[in-house]
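K.L.:
Need a 3D model of the following:
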Amino acid sequence: MNSILTVEKIEKYFGHKGNVTKAIDNISFQVEKGEFVGIMGPSGSGKTTLLNCISTIDTITTGHININNKDITVLKRKALENFRRDELGFIFQDFNLLDTLTAYENIALALTIQNRGTREIDRLIKDVAKKLEIAELLNKFPYQLSGGQKQRVASARALVTEPSLILADEPTGALDSKSARLLLDTFEKLNKEFESTILMVTHDAFTASYAHRILFIKDGRIFNELIRGDDTRKEFFNKIIEVVTLLGGDAGNVL
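P.N.:
As a prediction, this is how the structure comes out:
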């Protein structure tokens with residue numbers, strides 16, 4: 001198998017001497033090319049800190065993180081910026097679209113930063129828009145789009161540079177149930193048809209049930225792991241709920 005992400009014995013501390021918090025406690029795991037992996041856990045479990053470290057937004061205290069065979073923990077600032085630009089795609093809960101730009105221009109930003117040519121940018125945007133069925137939205141501004149449409153545009157922006165790894169942070173958190181389902185169907189399409197590798201943090205068991213594998217984080221450590229295998233999404237959802245209950249006994253506090 002080809003590992004896109006390898007996390008090796010990482011730890012992350014916050015605070016100073018006498019008042020130190022260990023947010024990540026000796027976590028190791030791998031994500032293979034084409035996998036769709038979810039990360040779940042109660043508030044304060046360390047899952048967002050983990051995603052921030054993988055996304056290069058934050059740094060770890062000890063250990064190593066390798067993405068596409070590059071150890072990002074040893075990269076200097078400029079090299080890290082270039083790596084983030086070329087290898088990672090981001091999908092955020094609040095979309096992060098610029099209101100003064102059309103959907104086309106928002107998607108184009110990622111390519112412009114890479115110094116792609118005008119013709120190539122146009123071709124890539126139209127190609128990804130067709131794949132994600134948002135061609136009719138390209139000339140609209142964010143205020144003209146629904147939450148679900150905004151998130152599909154954000155997904156196109158993440159996909160258009162063909163990154164090694166797509167990182168999604170609570171991608172359905174700001175969406176109604178219908179829009180959330182449409183977005184998750186889009187994620188399935190990204191993963192199955194385009195072999196995109198996705199790592200997603202979520203509180204929601206329904207959202208998590210779309211993934212192939214779930215890592216459950218508790219107190220900065222991996223508490224459990226579920227692999228979907230041949231389960232239907234409903235069967236996988238029920239197994240997720242069982243683990244959520246074990247995590248703290250209060251499912252409403254986790255989901």
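
K.L.:
which helices and strands sit right next to the host helix or strand of Val244?
P.N.:
In the assignment (DSSP states H and E), Val244 maps to helix 233-248. Applying 3 or more Cβ pairs under 8 Å, 6 or more residues apart in numbering; DSSP states H and E, one finds that helix 233-248 contacts helix 205-208, strand 213-218, strand 221-227, helix 251-254. For every residue, glycine as well, the C-beta is placed using N, CA and C.

K.L.:
so which of these comes closest to Thr49?
P.N.:
Thr49 lies closest, by Cβ to Cβ, to one member of these: strand 213-218, at 9.3 Å.

K.L.:
Just the angle for that closest one relative to strand 221-227, thanks.
P.N.:
Counting by axes from the mean of the first three to the mean of the last three Cα atoms, to 10 degrees, strand 213-218 points 160 degrees away from the direction of strand 221-227.

K.L.:
angle of strand 213-218 against helix 233-248?
P.N.:
10 degrees.

K.L.:
what are the pairing partners of strand 213-218, and which direction each?
P.N.:
strand 36-40 (parallel), strand 221-227 (antiparallel) (DSSP bridges).

K.L.:
Could you count how many residues lie near Lys17?
P.N.:
Neighbour count of Lys17, defined by other Cβ atoms under 10 Å: 5.

K.L.:
Is it possible to get a markdown table of the helices and strands packed on helix 233-248 that adds mean neighbour count and mean pLDDT?
P.N.:
As requested, the helices and strands packed on helix 233-248 are arranged in a markdown table below (neighbours: other Cβ atoms under 10 Å; pLDDT from 0 to 100):
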| stretch | mean neighbour count | mean pLDDT |
| --- | --- | --- |
| helix 205-208 | 23 | 94 |
| strand 213-218 | 22 | 96 |
| strand 221-227 | 16 | 95 |
| helix 251-254 | 14 | 42 |
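
K.L.:
that older thread, can I get the strands paired with strand 213-218 in TSV including distance to Asn82?
P.N.:
Putting these into TSV (distance: least, Cβ to Cβ, whole Å) gives the following:
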stretch	distance to Asn82
strand 36-40	25
strand 221-227	31
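
K.L.:
which residues of the protein score low on pLDDT?
P.N.:
1, 248-255 (pLDDT under 70).

K.L.:
now with 80?
P.N.:
1, 16-18, 247-255 (pLDDT under 80).

K.L.:
which stretches of it form strands?
P.N.:
3-16, 19-32, 36-40, 62-67, 70-71, 88-92, 165-169, 198-201, 213-218, 221-227 (DSSP state E).

K.L.:
got TSV for these, with distance to Val128 too?
P.N.:
Shown next, in TSV, are those (distance: least, Cβ to Cβ, whole Å):
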stretch	distance to Val128
strand 3-16	20
strand 19-32	22
strand 36-40	18
strand 62-67	22
strand 70-71	25
strand 88-92	11
strand 165-169	13
strand 198-201	15
strand 213-218	26
strand 221-227	30
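
K.L.:
do you know which of the ones you listed lies nearest Arg152?
P.N.:
Ranking the strands of the chain by proximity to Arg152 (Cβ to Cβ) places strand 88-92 first, at 10.0 Å.

K.L.:
In the sheet, which strands lie alongside the closest one, parallel or antiparallel?
P.N.:
strand 165-169 (parallel).

K.L.:
Right, I'll call it a day here.
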